[in-house]
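Sequence first, predicted coordinates after that:
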There are 2 protein chains.
Amino acid sequence: MTPAYTQLHHTFTRLSRFDHLSAIAGWDSAAMMSPQSSQARSEAMAELDLLRHQILTDARVGEWFKDVGHENLNELERANLHEMHRTWHNTVVLPDWLVEARTLAGARCEHAWRTQRPANDWNGFADNLREVVKLARQEAQIRAEAAGTSRYDAMLDLYEPGLRAADLDRIFGDLKTWLPGLLQQVVAKQAQSTPVPLQGPFATERQRALGLQVMQLLGFNFEQGRVDVSTHPFCGGVPQDVRITTRYKDDDFLPALLGIIHETGHARYEQNRPGEWLSQPMGRARSMGVHESQSLLFEMQLARSPAFLRVLHPWVIEQFGQQPALQLDNFIALNQRVKPGHIRVDADEVSYPLHVILRYEIERALIEGEIEVDDIPTLWADKMQQYLGIDTRGDYRNGCMQDIHWTDGSFGYFPTYTLGAMYAAQLFQAARNAVPGLDDAIAAGNLQSLSGWLKENVWQHGSRFSTADLITRATGETLNPAFFRKHLEARYL
Amino acid sequence: MTPAYTQLHHTFTRLSRFDHLSAIAGWDSAAMMSPQSSQARSEAMAELDLLRHQILTDARVGEWFKDVGHENLNELERANLHEMHRTWHNTVVLPDWLVEARTLAGARCEHAWRTQRPANDWNGFADNLREVVKLARQEAQIRAEAAGTSRYDAMLDLYEPGLRAADLDRIFGDLKTWLPGLLQQVVAKQAQSTPVPLQGPFATERQRALGLQVMQLLGFNFEQGRVDVSTHPFCGGVPQDVRITTRYKDDDFLPALLGIIHETGHARYEQNRPGEWLSQPMGRARSMGVHESQSLLFEMQLARSPAFLRVLHPWVIEQFGQQPALQLDNFIALNQRVKPGHIRVDADEVSYPLHVILRYEIERALIEGEIEVDDIPTLWADKMQQYLGIDTRGDYRNGCMQDIHWTDGSFGYFPTYTLGAMYAAQLFQAARNAVPGLDDAIAAGNLQSLSGWLKENVWQHGSRFSTADLITRATGETLNPAFFRKHLEARYL
C-alpha cells in the first residue's frame, strides 16, 4: 500500500499545479486582462477554487492524515506534514454553506463598496458589512472551537500562524507608549525645513528604466520573473516566474520607484524559496508578516537609508536631469518625509503602525463581539485623534471605508503589516551584526552580502520553522519592538 | 430529476472554465513566461488536461448522452448536443493507455526534433517518428472503426468535421491540374521585373504602431483583446479577451504587418462568436478550415489587394518615410511576390497549396499504411520537384523535417490550410456579390460592410451548422475551387 505521506505529497503536488494556474490567471487579471473578460475570468477562478476545495475535502485525505501518524518521517517531512495539516484543517473545518455564504457576502460588500466609498455612503456600506461581520464571527467561532483559542486568535492564525492577540497587546501596547510621542517630535523637527517638491513630468519609460536598474541592483532574477503595470501594485506569479507590478505617476517618480523596491523584496523571497519543496506547503513563504518583513526591509530599512539613497542618486539624475528637488540632501529628505495623514497606504513608516494598531483594536473587538459595526465610525475618529492627531469625523471615505480588507472578511490581516516592519528592523540589525562591513558594502552599491544573509536565514527555509523559531534562529531572540524603536529614533530624531 | 441536457450543459460549462484557464496559461507560456517556469508550467497544463479528460470520461456523462435522446430540444440545443457529443466521443473513444503513449511519444519526438532539424538528422528523427506513426495508426484505426470511415478520414474529421479524403482527392485533384502550370506562368511573368527590396532598419515601435493602426481599421476590438510578441505568432486567449501575437524583424516590416492582419482575421472570428453560447461547444468556431478562411480572407483576399494596399501605403510612409521600395507600385509588387521555395510557412498564396497537397498525399498514405516513414524523403523530393520544380534531395531540414505537425501526431491538419484559402476566395466573392459597392468601400478604407457580412454569414453562427451548410448558406454552393483559381488568375496573370 502506498504510504499515507506519499499520498498526501502527491495530493499537495497536484494542488500546487492548480495553484500555479490560479497565480498566473490572477496576475493576468490585474496586469493584462481586458475588462470584457472579467465575468468569464471570475467564473473560471471560482471553478478552480471549488476544485481545490473538493480535492482537500475528499474523505481519503482525512484518512491519510490519520494513517500518517504511524509512519517514520524525517524532520523536513514532519515540517511539511505540519504545514499540509494546517492548510487542510483550515479548509475542512468550515462547513461548505459558510464558505459559500462568506464568499457571496464578501463579493457583494466589496462590489458595492467600490461606489459607496467615493460617495462617502457609510450607512449603505454598513448594511453589507454587518452581514460580512456576522459570517466572520461564525467562521471565527468554528475555528476557535477547533483550536481552543479566542475567536480573533483563530483568525489571526490564518495570516500569522502561532501569533495570539495577547502577543499583539504586548507588542502594540509597547508601541503605543512611545510612538505617538515620537511621531509628534519628528513632525516638529521636520517642520523646521520643508523639502523642495519634485517638478514633473517624469516620463514613464525613464521611470521604468530606473526601476529595472534598481531591481538589477537588488538582485531580482530576470530569468525568473518580470515587472508590469497594474492599478494596485503587488507581487504575484509563481516562484519560478515571479510577477511584480507597479504604477507610474507622471508628476512623481518616487511612488513607483519605492513601490518597485518594496515588491522586489517580496519577489526575492519568492524567487529563493527552497527549490526542492516548491510543490509542497513547506516550501511556501513562512507567513504574511515575514513576507512583509522582506518588502519593508528592502523599502524602509535599506532603500530609504542615506547610504542607499546616495547610490540611487546619480541614477536618478541620469534619468531625469538635475533640479532643485534632486539636490542630494533634498532627495534624502523627500524619501524620509514624515507626515501623518488619513490614508494608511500613503503613510510614512513612523505613522504607519498607528494606522495598524487602530484597525487591530477595532477588528479584534468586532470579531470578539465587544462592539458592533455601528460603533466603528466613532471609534475610528477617536483613535485617529488620539494616535495621529487627525480629525476624521464624517469623512468615512478617507476613514473607516478606505481599506478593502474588511469588505471580504479578511479580519486578522492588518497586524501583519506592522509585524513585518518590526521583523524587518530586527533582521536588518542582525544582518549588520553578522556580516562584517555590511553598511560599507551597501554604501558601495554591493548588496550581495545582505542578500546572502537573507537567503541563508530567511528565504531558503520556506515554512520549515515557525515564525518565532525563524526569527530566533536569525536574530537570537523572538520579536522585540526595541529594534524598530531604535531604527526610527536613529533615522528621524 | 435534472434533465440530461441540463447536466451536459453544466458539464460543458465547467469544461469551458478550465479551457479559459488553459487558454490564458497557454498564451502566457508563449508571450510572457520566463524560461525557468517551463517545467512547472508543463506539469500544471498536463494536470489540467488530465482533469478535463476525467470530467469527460466520467461514466455519468455517457449515461446523460443515452438519456438525452428522450428529451425535447430546440434546433440550437440539438446543434449544441451534436457538438457536445462529437467532443465527448472523440475523447472517450480512445483508451487511456493510447492517449498517454501518444502524448509521450509526441513529446519525445518533438523535443528531439528541435535539435535534429538544425542538424539535418533524418535518421535520428525517423526513429522517433516511427513510434508516433505507429500510435497514430492505432488511434486512426480505433476512430475509423467507431465512425465507419477510413483511417485517414477519421483523423481528418478531428480538424474539419464531415470532410473526407474523397472530397480532398477531388478538390486537390482539380488544383493539381492547373496550379503547377499557373505557378510557372506567374514566375515567368514576374521575372520580367524584380521589385526593389526594402531597406531597413524598421524600428519595432513604429512597426507596432502601424500594426495597431491596421488592427483598428480591421475592426479588432481592443476592449476585448490585445497584441503581444512571441516566437511563433498565433491567435489565442478567450473570445472575451483574444490574444494575438506577432514578431518583428528589423530589416523587413512586411512579415509582422501581414502576420498581424492574418491573426486579426482569426481574432475577429473569435471576438464575434455567439455571445450566449460561449460556454458551450456550439459556440466554438466551426472548424480549422473555416478559421483559416477568416485569417486568409483578411491577409490574402483583402490585404494583398491593390485597393487595400493603397489604403495602407500612406500609413507605411508616415511610419518609415519614403524610399524606392515604398513607391506605390513597388510596394504592391512586394506584397504580391510569387517565388516557389522550400519552406511552407514562407510560401506565397500561389505556391502554398502545392506544399499542402504534397503533405496531404504523404500523410494520407502513411496513415492508411500504404507507405512507411522511410519512404517519406524520396516521396518528398519527387513531389517538390513535380509540383514546385525544386530540388530538395538530402535537405531534410528544409524538407520533410520543417514542420512541427507530424512530430506530435497531428495527421489530418495540413489540408485545412488550403481549404481555408479556397473558402476565403469563395466567401470574399460571395460578399462582393451580396454587398453593393463593397470594393469601393474597401478602396475608401471602410471595412464595416465586409465585417458586417462576415459576422452575419460566418462569425455569429459558431458551430450551429456543418461546414458544408455554413458555406452553402453564405455562398449558395458547397466548396468550389473555381473561386480560388479565378482569384489567383485575376491577381497574378
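Sure thing, it's come through. All values reported here derive from a predicted model rather than from experimental measurement. Residues are numbered from 1 along each chain as shown, chains lettered A, B, ... in the order given.

For the stretch 251-400 of chain A, which residue gets nearest to chain B?
As assessed by Cβ to the nearest Cβ, chain B sits closest to A:Leu278 within the stretch 251-400 of chain A, at 7.5 Å. Where you see a C-beta, it was placed from the backbone N, CA and C, and this is true even at glycine.

isn't that residue right next to A:Gln240, touching?
Yes: judged on Cβ atoms under 8 Å, A:Leu278 makes contact with A:Gln240 at a distance of 7.4 Å.

of those two, who's got more company?
A:Gln240 (24 against 18; other Cβ atoms under 10 Å in any protein chain shown).

What does the more buried one show for phi and psi?
Taking degrees, to the nearest 10, you get phi -80, psi -10 for the backbone angles of A:Gln240.

what about A:Asp167, neighbour count?
With other Cβ under 10 Å as criterion, A:Asp167 counts 18.

Can you report phi and psi for it?
phi -60, psi -50.

tell me the contacts of the residue nearest the centre of chain A?
Chain A has A:Glu292 as the residue nearest its centroid, 4.4 Å off, counting by Cα atoms, centre = their mean. Residues in contact with A:Glu292 (Cβ atoms under 8 Å, 6 or more residues apart in numbering or on different chains) are A:416-417, A:419-421, A:423-424.

what helix or strand is A:Leu73 on?
Assigned by DSSP states H and E, A:Leu73 belongs to neither a helix nor a strand.

Check which helix or strand the nearest residue to the residue nearest to the centre of chain A once chain neighbours are set aside maps to.
Excluding its sequence neighbours, the residue lying closest to A:Glu292 (Cβ to Cβ, 6 or more residues apart in numbering or on different chains) is A:Gly420, at 2.6 Å. A:Gly420 is located in helix A:415-434, with elements delineated by DSSP H and E.

Excluding chain neighbours, what is closest to the residue of the stretch 251-400 of chain A closest to chain B?
A:Pro239 (5.4 Å).

and if you look at A:Ile362?
Once flanking residues are discounted, A:Ile362 sits nearest to A:Leu379: 5.5 Å by Cβ to Cβ, 6+ apart.

Show me what stretch A:367-384 is in contact with.
So stretch A:367-384 is in contact with A:122, A:126, A:129-130, A:133, A:136-137, A:140, A:150-152, A:155, A:342, A:358, A:361-362, A:365-366, A:390-393, A:396, A:399-400, A:411-412, going by Cβ under 8 Å, 6+ apart.

please redo it, this time with the cut-off set to 6 Å
Applying Cβ atoms under 6 Å, 6 or more residues apart in numbering or on different chains, the external contacts of stretch A:367-384 come out as A:126, A:129-130, A:133, A:140, A:151-152, A:358, A:362, A:365, A:390, A:392-393, A:399-400, A:411.

Using PyMOL, define a selection of the buried residues within the residues you listed.
Applying 16 or more other Cβ atoms under 10 Å in any protein chain shown to the contacts of stretch A:367-384, the buried members can be selected in PyMOL as follows:
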select buried, chain A and resi 126+129+133+140+151+152+358+362+365+390+392+399+400+411
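
Keep only those of the contacts of stretch A:367-384 that are in strands.
Applying DSSP state E to these, no entry is found in strands.

A:Thr418: what's it in contact with?
A:353, A:356.

one more time with 7 Å
A:352-353, A:356 (Cβ atoms under 7 Å, 6 or more residues apart in numbering or on different chains).

swap in A:Leu470?
A:286, A:290, A:458, A:461.

Pull the most distant pair out of the residues you listed.
A:Val290 and A:His461 (9.7 Å; Cβ to Cβ).

residues from the stretch 201-350 of chain A in reach of chain B?
Applying Cβ under 7 Å from any Cβ of the partner chain, we find that the stretch 201-350 of chain A lies next to chain B at A:223-226, A:238, A:240-241.

related to what we said a few turns ago, for the residue nearest to A:Ile362, grab the count of nearby residues.
16.

Quick check: pLDDT value at it.
On pLDDT, A:Leu379 comes in at 98.

Could you check how far it is from A:Cys400?
According to Cβ to Cβ, to the nearest Å, A:Leu379 and A:Cys400 sit 8 Å apart.

Equivalent analysis for A:Asn330, please.
36 Å.

that's a strand at A:Arg243, yeah?
Yes: assessed by DSSP: H, G, I helix; E, B strand; the rest coil, A:Arg243 belongs to a strand.

beta partners of the residue nearest to it when sequence neighbours are not counted?
Nearest non-adjacent residue to A:Arg243, counting by Cβ to Cβ, 6+ apart: A:Gly237, 3.4 Å away. On the basis of DSSP bridges, A:Gly237 is bridged to A:Val242.

Just give me the neighbour total for A:Gly237.
Neighbour count of A:Gly237, defined by other Cβ under 10 Å: 29.

and if you look at A:Pro415?
A:Pro415 has 26 nearby residues by other Cβ under 10 Å.

Please flag which of the contacts of A:Thr418 sit within helices.
A:352-353, A:356 (DSSP state H).

Who wins on neighbours among those residues?
A:Pro353 leads the ones in helices among the contacts of A:Thr418 on contacts (other Cβ under 10 Å) with 27 neighbours.

Look up the pLDDT of that residue for me, please.
98.

So the closest residue to it other than its chain neighbours versus A:Phe484, what's the distance?
Once flanking residues are discounted, A:Pro353 sits nearest to A:Thr418: 4.4 Å by Cβ to Cβ, 6+ apart. Distance, A:Thr418 to A:Phe484, using Cβ to Cβ: 9 Å.

Next, the residue nearest to A:Leu278: phi, psi?
According to degrees, to the nearest 10, A:Pro239 has phi -60, psi -30.
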